[in-house]
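Enquirer: Here you go, sequence then predicted model.
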Amino acid sequence: MSELTVRESINQALAEELERDERVFLYGEDVADYGGLYQVTAGLQERFGEERVFDTPLSETTLGGTAVGAALTGTRPVVEIMFGDFLAIVADHLTNYAAKMHFNYGDGTSVPLVVRTNYGAGDQFGLHHSQSPIAWFQNVPGIKLVAPSTPHDYKGLLKAAIRDDDPVIFLENKLRYETEGEVPNGGYTVPLCRSDRKREGEDVTVVAIGGMVDVALAAADRLATEGIDVEVIDPRTVVPLDKEPIFDSVRKTHRLVVVHEAATFGGFGGEIAAEVAEEALFHLDAPIERVGAPFTPVPFAENLEEAYLPDEDDVIAAVRNTLGE
Amino acid sequence: MSELTVRESINQALAEELERDERVFLYGEDVADYGGLYQVTAGLQERFGEERVFDTPLSETTLGGTAVGAALTGTRPVVEIMFGDFLAIVADHLTNYAAKMHFNYGDGTSVPLVVRTNYGAGDQFGLHHSQSPIAWFQNVPGIKLVAPSTPHDYKGLLKAAIRDDDPVIFLENKLRYETEGEVPNGGYTVPLCRSDRKREGEDVTVVAIGGMVDVALAAADRLATEGIDVEVIDPRTVVPLDKEPIFDSVRKTHRLVVVHEAATFGGFGGEIAAEVAEEALFHLDAPIERVGAPFTPVPFAENLEEAYLPDEDDVIAAVRNTLGE
Amino acid sequence: MELTDERRTEVYESLLLTRRFEEAVLEAYESGGVPELPHLSIGQEAVGVGATYALEEDDWIAPSLRTRAPILMRVPLEEVVAGMYGTRSGPSEGRTTQHHMGSTERAILGTTGMVGSHLNVAVGAGLSSRQLGNDRVSTVFFGDGATTRGEFHTALNYAAVEDLPVVFVIENNGWTEETPIGQVAAVEEDLIEFAGHDLPSSVVDGQDADEVIAATAEAAERARAGDGPTLLEMKTYRYRPHAEVIPERRDEAEIERWKARDPVTIYRDRLLEEGIVDEGWLEDADASIRADVEAAFQFAREDPLPPEEAMYQVYADVEVDRDGGVVR
Amino acid sequence: MELTDERRTEVYESLLLTRRFEEAVLEAYESGGVPELPHLSIGQEAVGVGATYALEEDDWIAPSLRTRAPILMRVPLEEVVAGMYGTRSGPSEGRTTQHHMGSTERAILGTTGMVGSHLNVAVGAGLSSRQLGNDRVSTVFFGDGATTRGEFHTALNYAAVEDLPVVFVIENNGWTEETPIGQVAAVEEDLIEFAGHDLPSSVVDGQDADEVIAATAEAAERARAGDGPTLLEMKTYRYRPHAEVIPERRDEAEIERWKARDPVTIYRDRLLEEGIVDEGWLEDADASIRADVEAAFQFAREDPLPPEEAMYQVYADVEVDRDGGVVR
Ligand SMILES: Cc1ncc(C[n+]2csc(CCOP(=O)(O)OP(=O)(O)O)c2C)c(N)n1
Ligand SMILES: Cc1ncc(C[n+]2csc(CCOP(=O)(O)OP(=O)(O)O)c2C)c(N)n1
Ligand SMILES: [Mg+2]
Ligand SMILES: [Mg+2]
């Protein structure tokens, strides 16, 4: 075990997979010599050479399109899209190409690409560098959406994503590149499409996504001091969804709070709430609570962004609501 | 009153608004002399001239980008995107530009554009000309998404969309261009952001979207013969959503079925279900049922597409489920 | 590339197969109907045939929605026709239409219905060749209309920047659906003017298969030598409307002018003139191709529709139920 | 465009204002910090100043993320600085950063953070001019990096096809973040080579405001006369890194070479040489501009943060609650 930041754990995952598999390569805008805007790929070009780690023009459709083409023809591209907001520019290649080619072929051909990108508000980067783009792809069969929360999961899930035969959008919370945590030494993976119980509890189930897992856990700690025992489930892969552990948890606690960073309305939390309302309705002792952002673009001003971003207090209030407090 | 097809009612709406307001213009791929792939704009260039109705290059980003620019600078572009699937190509201009500029300016400037496009399966056009792209934009604050169901609503909503100061994605169900219905003569509008009760009923609420309203109504008629009294709500504008009439209906019927054409998982139905699970949980006597497509791309083969597309039987089965039958 | 007599008869057979196949599609569409809406390439055969003929069998091909010849040259006829009928033996068990088919074994890159979105995908295949150190060339076909998409610029630029082994083939048939390309492309004369990019480009007579072969072979050689991409603009014409639902609105004289330079006729006449084949051979070839096409249609018409499970091939690496849930 | 002596002193004042403003931003950032991450244009001032000066006040301007001068020339300083601090008096009451600001009154088109996505938007402004029958020209600024996006091709093509009144200004500072443009653009020498489109284009010395004015004025005149768009490539350089969080990694000698052609110095020396101003005037101008800048920062630092309601300006034509519900 070592104590690594999220940034380091991603960097290690990339290094190990580049080392392990010749077909893996890494490219994007300024990822090579510079090491990426967030320095996540620092040192990798030096170590693996210009043929394995390289820069590209400022053209996201080239990134998306060539990644699909490369993945269809025997390699395993890992491409960095500098901000998740830019996924809108590659939406065609992701939605209409990457997600559909396994279905479109008849010979088992698949599209083993990974799009690494970041998301999330909280650093006053404004409305075009802070969005949480999960919902844009939540209704796209064939895509996998992965949003890890801990350094351990970042590393293990990224390694699994690179080995996975399906196209994966790997979402990194840009506010948490510095978050530290225990990471095993050596080449473990964390399986995609498996949710994880990050905290066991009896009273209320909180399903939290990506960066909001930390927030949910902090809220749970505070509530524990009052004797409220919160269970926190981290789906990790949100599409497709490992639903059963969520249902099981709700059948136990009879209460559900869903937390994500995107706007509540139309966000992925609606899907989770709807699933539970179908599968476990009569187990619910309280209305489902959703915690998310208001239905506005991400505002810039310090106080507005703070009001925008869901926080511990919001989670605590929602948990209390489910308890009728 | 006259009996018009959906196609005719859209054409009339466009003609009336071109007539009424000099700032309105219409453009897109083959919309002018040819009258559009689905002949929706037939005759308009002849009537209004090449300056008001014109063709463009095969470049959706030009369509999206110029429409934003035109709308920001004093005109009211109505742009046709030939298939809704291509919205993925203009996702950046819609999501990052059109939706956000009113927020981004400080002087009340807005983006009065209308993107007309079609959607929907059922004609064996395959996985890239049949999608239902609502979910791609359901989490995008600032966009309005309108999906009418009757010739009356198509005309009135399109006229309202053109007059509206916000960017509107106007979704036409391509299987229903030939559907006929009563349309008042003269220049009425149907307000955006107001849902409509298409059928009054006491037993079960069915919220159906776009092309699925017809399906829900047909199912309701069949169920009526068995004494099951279904209420059908047509949101018409899905983003932002006129929620209260849905809650009111569920408070009355205690049962909810949501129907749309896109895949159930991650689709807009999840949002509606989640809203009800939050606001009217204890009014529900049965789990919420969602009727939608399976989580696959739209298949081509006749039998597969038939299995894919939600139909009356699916709605009837869902209604029966809510009744515990 | 040396073109022996035998090879040239093969070229002719491919031209004729493409022609007869599409004529049969048209006939089938006009009588009983065919589920897949035909977008015929009749008149344009020499582009696809010539270019494919100039390539190695494992060179990647990324067809446009209209490129028919390479598919017919690489995929069994039965499979292609079944693809149009959406039956079980089609290239994707009926999941998708035939003109989007992909096959890794036949080095055909599946495409989408988004005209031009495949250009960067083809460049990605070139990237794979470089990464894997093989010498497979990637050839992408696209219409004149596609040159007005941003993809055209970005794909050319990236291929040229990285010297990737890509051949870009514009099937310039003068029309993008119902709009003449001259009306929507800001060039004086030829579409290759668009490409100020640092790469070789030329205009090719797309009605003459020999010209197409020569130009493509040269481009492929350059690509294989590591000297980067080439842009070829093939001037051609489709005899039929954009798709079979669309009425013909083009000038009759324009159509006739092009028919006078029919690619199948040009090649047949040349083979006859050079004494490579005689009338008897031509008749036999035609009869045998017609019989093959007929048999393939017969096969497809009897081929059963796919089972419903065919639809649930969405992920390669996890089992998912119809509601997007992971099956443990 | 006739440049009287008085006008040329105005040009100089705008150059100096831009310089002093950005120096103040840098200073503020390095001491206490500024909420908006600075992406400074120091060194590039002549491009924005010259081009804006050549235009009418109601001509549309679509700035890039680095174009600072036009904003300073059209918007009160206090408002701009408040925009960087996200305070109430900023251009959007703190909703967005200052460098994306839009103002219809000042004919500034709001942009997004997507480099290059504004090119077609600027073309749309040209479309409005045509539709409304006014003669407003639309001028769009963008970096060298943006020329490798598809937007560059599609916007140029459409403007040229429709002869729209658009002036495209490449602020070619040689770098796209940390990558030299030569490494990612497949041109021999100049980026205008990309544009095989049928439109006039030229390379301009972006350090010389007079050259910029002349080239832009000519382009604007052509646009206003209905003769369509022009592409101008302005060669320039930024003295600072891409953004203030990014370490400087460029060659020291390269930076020094460019500093020797500083746009403010060039213009000042010329005015002195031609006897249009003297040292005293220069000192006064500088002092007064510094005082204005200082006052604007002072204002912004005291300006309160916006009220929470400022965030809820999402739709123009309907009231919506924070949960996406329509308020009846
Ligand atoms: C991105 C996109 N835009 C529009 C269409 C609709 N469409 C299909 S084919 C076509 C014309 C294509 O013209 P061209 O590229 O010249 O090819 P051709 O049909 O002439 O072979 C159009 C506009 C599409 N399929 N995809
Ligand atoms: C679509 C998009 N891709 C990438 C980025 C990240 N990014 C911001 S500025 C920049 C470099 C832009 O270079 P250039 O166009 O030359 O402008 P300059 O910064 O030199 O003024 C990049 C890559 C972005 N903001 N938008
Ligand atoms: Mg064409
Ligand atoms: Mg630059």
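Expert: Received, thanks. Ligands and ions are numbered 1, 2, ... in the order given.
Enquirer: Quick one: mean pLDDT for the top strand by length along chain A?
Expert: If you go by DSSP state E, chain A has its longest strand at strand A:256-263. Strand A:256-263 shows a mean pLDDT of 98.
Enquirer: Run me through the strand neighbours of that strand, direction for each.
Expert: Partners of strand A:256-263 in the sheet, by DSSP bridges, are strand A:204-208 (parallel), strand A:289-293 (parallel).
Enquirer: and those strands, which is most packed in?
Expert: strand A:204-208 (a mean of 30; mean count of other Cβ atoms under 10 Å in any protein chain shown). No exception for glycine: its C-beta is placed from N, CA and C like everyone else's.
Enquirer: How far does it sit from its chain's centre?
Expert: 17 Å (Cα atoms, centre = their mean, to the nearest Å).
Enquirer: What's the mean pLDDT across it?
Expert: Throughout strand A:204-208, pLDDT has a mean value of 98.
Enquirer: Likewise for stretch A:132-139?
Expert: Rounded mean pLDDT across stretch A:132-139 is 98.
Enquirer: Using PDB, write out the CA atom coordinates for it.
Expert: Only the C-alpha atoms of stretch A:132-139 are listed here, as PDB (Å, rounded to 0.1, in the frame of the first residue of the first chain):
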ATOM      1  CA  SER A 132     -20.900  17.200 -15.300                       C
ATOM      2  CA  PRO A 133     -21.800  15.600 -18.600                       C
ATOM      3  CA  ILE A 134     -23.100  12.200 -17.400                       C
ATOM      4  CA  ALA A 135     -26.700  12.800 -18.500                       C
ATOM      5  CA  TRP A 136     -25.600  13.600 -22.000                       C
ATOM      6  CA  PHE A 137     -24.800   9.900 -22.500                       C
ATOM      7  CA  GLN A 138     -26.900   8.200 -19.900                       C
ATOM      8  CA  ASN A 139     -29.500   7.200 -22.600                       C
END
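Enquirer: give me the residue from chain C nearest ligand 4.
Expert: residue C:157 (15.7 Å; Cβ to the ion).
Enquirer: Return the residues in contact with the spatially closest residue to that residue that is not a sequence neighbour.
Expert: Nearest residue to residue C:157, sequence neighbours excluded (Cβ to Cβ, 6 or more residues apart in numbering or on different chains): residue D:186, at 5.0 Å. For residue D:186, the contact set (Cβ atoms under 8 Å, 6 or more residues apart in numbering or on different chains) comprises C:156-157, C:160-161, C:197-199.
Enquirer: so residue D:186 sits in a helix?
Expert: No: checked against DSSP: H, G, I helix; E, B strand; the rest coil, residue D:186 lies outside a helix; its state is coil.
Enquirer: Mind naming the longest helix for the chain?
Expert: Chain wasn't specified; assuming chain A. Secondary structure of chain A per DSSP state H: the longest helix is helix A:6-20.
Enquirer: I was thinking of chain C, sorry if that wasn't clear
Expert: In chain C, with assignment by DSSP H, the single longest helix is helix C:5-30.
Enquirer: Mind giving me the packing neighbours of that one?
Expert: The contact analysis (3 or more Cβ pairs under 8 Å, 6 or more residues apart in numbering or on different chains; DSSP states H and E) places helix C:5-30 against helix C:45-53, helix C:69-74, helix C:77-85, helix C:209-224, helix C:263-273, helix C:279-302.
Enquirer: Indicate which one of these is closest to residue C:128.
Expert: Among the helices and strands packed on helix C:5-30, the nearest to residue C:128 by Cβ to Cβ is helix C:209-224 (13.4 Å).
Enquirer: which parts of the closest one are buried?
Expert: Counting neighbours by 16 or more other Cβ atoms under 10 Å in any protein chain shown, one finds that the buried residues in helix C:209-224 are C:209-220, C:222-223.
Enquirer: who in the stretch 1-150 of chain A is up against chain C?
Expert: Counting by Cβ under 8 Å from any Cβ of the partner chain, the stretch 1-150 of chain A comes close to chain C at A:23, A:25, A:51-52, A:56-57, A:59, A:61-62, A:64-75, A:77, A:92-93, A:96-97, A:100-110, A:141-142, A:144.
Enquirer: near ligand 2, from those residues?
Expert: Among those, not one lies near ligand 2 by Cβ under 6 Å from any ligand atom.
Enquirer: among those, which ones are buried?
Expert: A:23, A:25, A:52, A:56-57, A:59, A:61-62, A:64-75, A:77, A:92-93, A:96-97, A:100-106, A:109-110, A:141-142, A:144.
Enquirer: Spit out the contact partners of residue A:258.
Expert: A:206-208, A:269, A:272-273, A:288-291.
Enquirer: Disregarding flanking residues, what is the spatial nearest neighbour of residue 310?
Expert: In the absence of a named chain, this looks at chain A. Spatially, and ignoring its direct neighbours in sequence, residue A:310 is nearest to residue A:291 (4.9 Å; Cβ to Cβ, 6+ apart).
Enquirer: Correction: the question concerned chain C.
Expert: Sequence neighbours aside, residue C:93 is the residue nearest to residue C:310 in space, at 4.2 Å (criterion: Cβ to Cβ, 6+ apart).
Enquirer: burial of that neighbour, as a residue count?
Expert: When neighbours are counted by other Cβ atoms under 10 Å in any protein chain shown, residue C:93 registers 24.
Enquirer: about what we covered before: can you flag which of the residues of the stretch 1-150 of chain A next to chain C belong to helices?
Expert: A:61-62, A:64-72, A:101-104.
Enquirer: Near chain D, list only the ones from these.
Expert: Restricting those to those touching chain D (Cβ under 8 Å from any Cβ) yields residue A:61.
Enquirer: okay, among the ones in helices among the residues of the stretch 1-150 of chain A next to chain C, which ones form the most distant pair?
Expert: For those, the farthest-apart pair by Cβ to Cβ is A:62 and A:103; their separation is 24.2 Å.
Enquirer: what residues are up against the residue nearest in space to the middle of chain A?
Expert: For chain A, the residue nearest the mean C-alpha position is residue A:147 (1.3 Å; Cα atoms, centre = their mean). Contacts for residue A:147 (Cβ under 8 Å, 6+ apart) come out as A:134, A:171, A:173, A:209-210, A:235-236, A:238.
Enquirer: Equivalent analysis for residue C:261, please.
Expert: With contact taken as Cβ under 8 Å, 6+ apart, residue C:261 is in contact with residue C:207.
Enquirer: okay, it: pLDDT?
Expert: Residue C:261 is given a pLDDT of 98.
Enquirer: next one: residue C:1
Expert: Residue C:1 carries a pLDDT value of 66.
Enquirer: sorry, back to before: if we take the contacts of residue A:258, which one ends up nearest to chain B?
Expert: Of all the contacts of residue A:258, residue A:273 has the smallest distance to chain B: 3.7 Å, by Cβ to the nearest Cβ.
Enquirer: who's in contact with residue C:304?
Expert: Each residue near residue C:304 by Cβ under 8 Å, 6+ apart is listed here: C:87-88.
Enquirer: one more time with 10 Å
Expert: Counting by Cβ atoms under 10 Å, 6 or more residues apart in numbering or on different chains, residue C:304 touches B:303, C:87-89, C:94.
Enquirer: do the same with residue C:300
Expert: By Cβ under 10 Å, 6+ apart, the contact list for residue C:300 reads C:28, C:34, C:77-90.
Enquirer: neighbours of residue C:283, just the number please.
Expert: Counted with other Cβ under 10 Å, residues neighbouring residue C:283 total 10.
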